[in-house]
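In: pasted the sequence and its predicted model underneath.
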Amino acid sequence: MSEIHAPYSPLVRDLFERLPNAGDLAPGPGAVVQGEAMALERGAWVRFGARIEDGRVADCAFRAWGCPHTLAAAALVASRMHGQRIDGEAAFDARRLAVELDVPPEKLGRLLVVEDALFGMLTRAHALQLT
Amino acid sequence: MSEIHAPYSPLVRDLFERLPNAGDLAPGPGAVVQGEAMALERGAWVRFGARIEDGRVADCAFRAWGCPHTLAAAALVASRMHGQRIDGEAAFDARRLAVELDVPPEKLGRLLVVEDALFGMLTRAHALQLT
Amino acid sequence: MADGAPIYLDYAATAPLDPRVADLMSECLRDPALQGNPASVHAPGRAAAARVELARGQVARLIGAPPESIVFTSGATESVNLAILGAARAAGGGKRHVVTARTEHRAALDACRQLEREGFALSWLAPGSDGSADPGQIAAALRPDTALVSLMHANNETGAINDIAAIGRLCCARGVTFHVDAAQSAGKLPIDVEQMGVALLSYCAHKFGGPKGVGALYLRHRPRPALQPLQFGGGHERGLRAGSLATHQIVGFGLACELAGACLATDSARIRALRERLWAGLQAAAPVLRNGVAEPGLPGILNVRFPGVEGESLLFALDGRLATSSGSACSSATAEPSYVLRALGLSDLAAQASLRLSLGRETTAEEIDRAAWLLVACVRRLRAVLPAGAIERIA
Amino acid sequence: MADGAPIYLDYAATAPLDPRVADLMSECLRDPALQGNPASVHAPGRAAAARVELARGQVARLIGAPPESIVFTSGATESVNLAILGAARAAGGGKRHVVTARTEHRAALDACRQLEREGFALSWLAPGSDGSADPGQIAAALRPDTALVSLMHANNETGAINDIAAIGRLCCARGVTFHVDAAQSAGKLPIDVEQMGVALLSYCAHKFGGPKGVGALYLRHRPRPALQPLQFGGGHERGLRAGSLATHQIVGFGLACELAGACLATDSARIRALRERLWAGLQAAAPVLRNGVAEPGLPGILNVRFPGVEGESLLFALDGRLATSSGSACSSATAEPSYVLRALGLSDLAAQASLRLSLGRETTAEEIDRAAWLLVACVRRLRAVLPAGAIERIA
Ligand SMILES: Cc1ncc(COP(=O)(O)O)c(C=O)c1O
Ligand SMILES: Cc1ncc(COP(=O)(O)O)c(C=O)c1O
């Protein structure tokens, strides 16, 4: 009755292998904002950074500690921020992300950490009236 | 910790395969005596018959129901009776027989059945004053 | 078997390993990619786990069960003990009564005796003259505090078959957990656990061409009987049976189930015919009597007795030429007369004069004819030296 | 293992089957003369039984025991459960107290938890910083009603070794039954049960080149500990472990014991050297810390942690290239941080950042160098994307 340990989905594998947008922002014009969320007991620590130009995300990067699903989610979110208007509806939905990366239920809490980090960054951007 | 089931000794194998002196007495001169002992619950039923000439066992035969050790013992005893003087010490010793045929302890009771049958026969011979 | 080797008519004790199973197991033992522990999450572990799950499906299919309902064990003895001890010990609500039969296999008998030592009340049913349990008798034995009914599907000595479906309906209706010991019937008789209303079913591989040392316990999902494990640790097999899984054993079990299931009908017809051919051949050793009934019965078992013949001497006379057993070979180390035959009303002496001849997939007509000839010859030889009256007396 | 296959450094979970053992088992599976049930009295049965008894001698010799003291089981999990549950349940005279340690294998832990459910009092000893149990602490834990002391010889996660001889003397002096779980040490460390004062010793084949699914329990003769069986029926193995014996499994176990015993000293020296070579290679991934101590320790186990590294991501980064495990692989299905490392005082996060690398007989220096290189590369890659301060925070 032992389950076969579900391997990671192809998308997670690909993102984990490349980790796009991991590390620091490339230097460039515009203002830089950051957002960070940490829940070590839940197994995730995520930090986003973005360079904002004319109310748009010109560049976005992340740093993270966590399981492959957490790193993949952060990478996916960072890449999707590129070009986004920060006053627009931030294209983030933990539930949708969970399905896309088929994240096992016990790990859903970690996606919320990713979400918190992102919203922290966007909130800061609004506060600084970079819109 | 399971024991390997001790195979039967070569002597038992040989006697069981040939069963010498099994069956009935060959016709001939002299008087015939018989002895029988039965202990079905103990697993043995033995009958000896002998033809007596001039106080000697001219011929001896057995019939038996029992395990290989019982049949072998009866066959061995019958063959050894040949030529014996019946007023002499009957050459039977259950203990010695047990060693010769290495009979497992739980079967020793069966050798006593063989002994009873033999002594029954000899007693009858004495009673008939065939000495 | 090998040339000059004895004719093997002791399939009920264990069947020779099917060569196809031997080949697959040998590959499995050598395959570098299958050496991992199926419980490990890394690639070699997952590869082994995948093969285990494949086999779980094959093992489940043989009895019409879903794969998730199968717990792998070390054999039917463990399965039977896990079912009987596990279900009784886990039964709550003051349920301390168990129903079983006197003709069960030692594994079940001794597990039930242990339950008695633990304070359970046991109802030991006597079999009918055909060796099977009467559903009416079982219905009568059920009590409000009955935790478990445990019966075998087919008897390992007489081949007598219990009406599992009828007893299953009865237990379902009364909400009693029903365990079936199918060690002798699995792979030989059609089994559909769902139709039969069975909650727990035990079987093993080595009775029908699979390896020794591996078995399974079927565990119904809804309603699911509570079970206390026999061995703890690690949470393998959903926490019901701890211990690293033996990939090669389970893979062999799986293939054996598939092979047996595929030709179950044709095999049993052929084997049943051989059994009757043997019975016919033995008539030359008359008087010869059949213990139990031909039908309904396992195709491969013929239990006979030869009045006036002593069992040990008969076996020894056959030794090296015909391998078979008196009484249950699983416990034939003990020389006591079979308690199964005694329960059928045979005397100690009659049981002593009995032989269990069991046939299997590799048995040939030529072997059967040679076996019959051998048996007749040995019986005649032993009878030829009996004291007068022994044949009438010992039957 | 196979070309392009991952480097296997998970020997503590299970070792690949020795090819010589695989060959012997394959012969055994196919040999027509060895297909009988070792419990049967006929020729094929006796032939199988003879091979079983030959193997019993080999298995006994590995631990300096007489053959009659060996009970065959389905693995160390069963042996450990039979020893712990069996000895405690059979202990008379109101002896209801058991001493064990928090760092035991799940099989022992869960068996002891079951004893608690059955009303036994347990003393759970905490290990020293080196991971081993302190004899003084054990002496202090003994009570007049102590039925059993159960400890492992070598720990399956850290490789920490207990001073069995010292604890054995102590138990003998106090007349307490002493069980040793030697699943990790058998075939790797010298064992002499008589010198060590052990009453019960559990081991299995698959940790040192034997097949999965077979193990043994050593049972001292004088004084002989009382044991309640886990499974009943048939009276095999002197009534302590019912069930048909799996000839091929036992024969494979026997050869594995002989092979391991023959080159125990040379193997462990070589493996210990490779372990230190690996440790040296990992320094390039500093900071890297060793969990537990190098000596006294199992030659084949290196348990390390990489501050700032998340265990699952590290294993996934290695997947397909290096097969190893975080925490105890026997239970690595469960993702919880290792309770063994927690007991050594590590935080959940530190335990999470830990890896158990275990080497064995087939491990080569070339594999060790490639493994070190891979580990260093993966650790660096994961650290490169950490938020600032994570390395200090997660250790
Ligand atoms: C210390 C220890 N005890 C017991 C076991 C269980 O052994 P098995 O896998 O044979 O059930 C293991 C390994 O899994 C172990 O490392
Ligand atoms: C009816 C029945 N139950 C249980 C068993 C025990 O099975 P195993 O030999 O796998 O322990 C057997 C055979 O030995 C059997 O015939």
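Out: Nice, thanks for sending it over. Numbering: from 1, shown residues only, chains lettered A, B, ... in the order given. Ligands and ions are numbered 1, 2, ... in the order given.
In: what segments of the chain are helices?
Out: Unless you meant another one, I'm taking chain A. All helices of chain A, identified by DSSP state H, fall at A:10-18, A:68-81, A:94-100, A:108-127.
In: meant chain C actually
Out: According to DSSP H, chain C carries its helices in the segments C:19-30, C:43-61, C:76-90, C:106-117, C:135-141, C:164-174, C:193-196, C:247-262, C:264-282, C:311-318, C:339-343, C:348-352, C:365-384, C:390-393.
In: okay, those helices, which one's buried deepest?
Out: Stretch with highest mean neighbour count among the helices of chain C: helix C:76-90 (a mean of 27; mean count of other C-beta atoms under 10 Å in any protein chain shown). In short, each C-beta sits where N, CA and C put it, glycine included.
In: and it, is it in reach of chain B?
Out: No. Helix C:76-90 lies out of reach of chain B by C-beta under 8 Å from any C-beta of the partner chain, never closer than 14.0 Å.
In: distance from that helix to the middle of the chain?
Out: 15 Å (C-alpha atoms, centre = their mean, to the nearest Å).
In: now the angle from that helix to helix C:106-117?
Out: 20 degrees (axes from the mean of the first three to the mean of the last three C-alpha atoms, to 10 degrees).
In: right, is helix C:76-90 up against ligand 1?
Out: No. On the criterion C-beta under 6 Å from any ligand atom, helix C:76-90 is out of touch with ligand 1, staying 13.4 Å away.
In: now for that helix, which elements pack on it?
Out: strand C:70-73, strand C:97-101, helix C:106-117, strand C:146-152, strand C:177-181, strand C:200-204, strand C:215-219 (3 or more C-beta pairs under 8 Å, 6 or more residues apart in numbering or on different chains; DSSP states H and E).
In: what's the angle between the second one and strand C:177-181?
Out: Think strand C:97-101. Using the same axes, to 10 degrees: strand C:97-101 against strand C:177-181 is 30 degrees.
In: picking that back up, mean pLDDT for the helices and strands packed on helix C:76-90 - can I get that in a markdown table?
Out: Output for the helices and strands packed on helix C:76-90, formatted as a markdown table (pLDDT from 0 to 100):
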| stretch | mean pLDDT |
| --- | --- |
| strand C:70-73 | 98 |
| strand C:97-101 | 98 |
| helix C:106-117 | 97 |
| strand C:146-152 | 98 |
| strand C:177-181 | 98 |
| strand C:200-204 | 98 |
| strand C:215-219 | 98 |
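In: between these, which one is nearest to chain A?
Out: strand C:70-73 (6.1 Å; C-beta to the nearest C-beta).
In: what's the distance between the worst-scoring helix or strand of chain A on mean pLDDT and the middle of its chain?
Out: Least confident helix or strand, chain A: helix A:94-100 with a mean of 90, by mean pLDDT, DSSP states H and E. Relative to its parent chain, helix A:94-100 has a centroid offset of 12 Å by C-alpha atoms, centre = their mean.
In: where are the low-confidence patches of chain A?
Out: A:1-6, A:88-91, A:131 (pLDDT under 70).
In: my guess is C:Ala121 contacts C:Val98. True?
Out: Yes. Assessed by C-beta atoms under 8 Å, C:Ala121 is found in contact with C:Val98 at 7.4 Å.
In: how about the residues of chain A by ligand 2?
Out: Close to ligand 2, as judged by C-beta under 6 Å from any ligand atom, chain A has no residues.
In: on that earlier part again, next, the buried residues of the least confident helix or strand of chain A.
Out: Buried residues in helix A:94-100, counted by 16 or more other C-beta atoms under 10 Å in any protein chain shown: A:94, A:97-98.
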